[in-house]
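Engineer: pasting a predicted model and its sequence here:
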Amino acid sequence: MVLCLAAGACPAGDDITAISTTGSTSTSDTSSSGGMTTVLPPATTTTQGTTTDVPPGTSDETTASVDDSTSMPTTIDDTTGEVSVCGNNMIEGDEVCDLAQLNGETCQSLGYQGGQLGCLLTCADYNLLGCFICGNEVIDLAEDCEGSVPPEVTCQSLGYEGGEVICGADCLFDLSECSICGDGIQQGPEDCDGIDFDGQTCVTLGFGGGNLACNLASCSFITSNCTP
């Protein structure tokens, strides 16, 4: 190619590539002619033997980056310019709530019977999953039952020995009729448990007097010491 240029014999219109080398950094420049497009490689800088690619429009200084996946959603009001950050536990801008900040509202104030009010992750509205209305025939998250107990739920399935599970007026399981003989508490079908006779005596059972006893194995009354 050099001989061609020196002799002036190179045909017109041919692509000419000039390569210059200076030190340890090389730059390639391809001219555009005859429909060809010039391609320039990204600039490189060398410092203390380390080469670092520098994107266009930036310097070779260290640039800090922010991970958008961990940043909190930020909203700017176009009218007022007020900035609100959802997730900082502060109600700002047009936020309805923010984490534990519920603007004084509760499940009861929103028309429910009870439960735990929450806030949506978008801060745009309340999370009502923890609120409930007992008696609407819908078993809400905070309820055990609605009117009746599911057939698969029994005292035995809940760890007791006997008795019957009842759906309470608060739509929670009433376990007062479930019992474990030997725990010292008279419940459910038990006559007695230990020294808990549920207020019964020989007299209340129709005898003239005597000493009422309790069978510790079966939690039933022993009336052999009661007198006619």
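Structural biologist: It's in.

Engineer: what is the neighbour count of Cys97?
Structural biologist: Cys97: 21 surrounding residues under other Cβ atoms under 10 Å. Every residue, glycine included, has its C-beta placed from N, CA and C.

Engineer: what do you get for Cys178?
Structural biologist: Cys178 has 22 nearby residues by other Cβ under 10 Å.

Engineer: that one contacts Cys155, correct?
Structural biologist: Yes. Contact criterion Cβ atoms under 8 Å: Cys178 and Cys155 qualify, at 3.7 Å.

Engineer: enumerate every residue touching the nearest residue to Gly208 once chain neighbours are set aside.
Structural biologist: In space, and not counting its chain neighbours, Gly208 is closest to Thr227: 5.0 Å by Cβ to Cβ, 6 or more residues apart in numbering. By Cβ atoms under 8 Å, 6 or more residues apart in numbering, the contact list for Thr227 reads Cys202, Phe207, Gly208, Gly209, Gly210.

Engineer: so where's this structure shaky on pLDDT?
Structural biologist: 1-72, 77-78, 80-81 (pLDDT under 70).

Engineer: what about stretch 183-202, how long is it end to end?
Structural biologist: End-to-end span of stretch 183-202 (Cα to Cα, to the nearest Å): 23 Å.

Engineer: buried stuff in it?
Structural biologist: Gln186, Gln187, Gly188, Pro189, Glu190, Asp191, Cys192, Asp193, Asp196, Phe197, Cys202 (16 or more other Cβ atoms under 10 Å).

Engineer: what residues does that stretch touch?
Structural biologist: With Cβ under 8 Å, 6+ apart, stretch 183-202 has contacts from 155, 160, 162-164, 176-182, 208-212, 214, 216, 219-221, 223, 225-227.

Engineer: can you select the buried ones among these for me in PyMOL?
Structural biologist: Typed into PyMOL, the line below selects the buried ones among these, using 16+ other Cβ under 10 Å:
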select buried, resi 155+160+162+163+164+178+179+180+181+210+212+214+219+221+223+226
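
Engineer: look up how far Ser157 lies from the closest residue to Cys107 other than its chain neighbours.
Structural biologist: Of all residues beyond its chain neighbours, the one nearest Cys107 is Cys131 (3.7 Å), with distances taken as Cβ to Cβ, 6+ apart. Distance check for Cys131 against Ser157: by Cβ to Cβ, to the nearest Å, it reads 27 Å.

Engineer: who's more crowded, the two?
Structural biologist: Taking other Cβ under 10 Å, Cys131 and Ser157 do not tie; Cys131 has more neighbours (22 against 10).

Engineer: Asn136 versus Glu95, what's the distance?
Structural biologist: For Glu95, the distance to Asn136 - Cβ to Cβ - is 30 Å.

Engineer: tell me which of these two has more neighbours.
Structural biologist: Glu95 (20 against 12).

Engineer: how close does that one sit to Leu128?
Structural biologist: In terms of Cβ to Cβ, Glu95 sits 17 Å off from Leu128.

Engineer: and Ser84, by the same measure?
Structural biologist: 22 Å.
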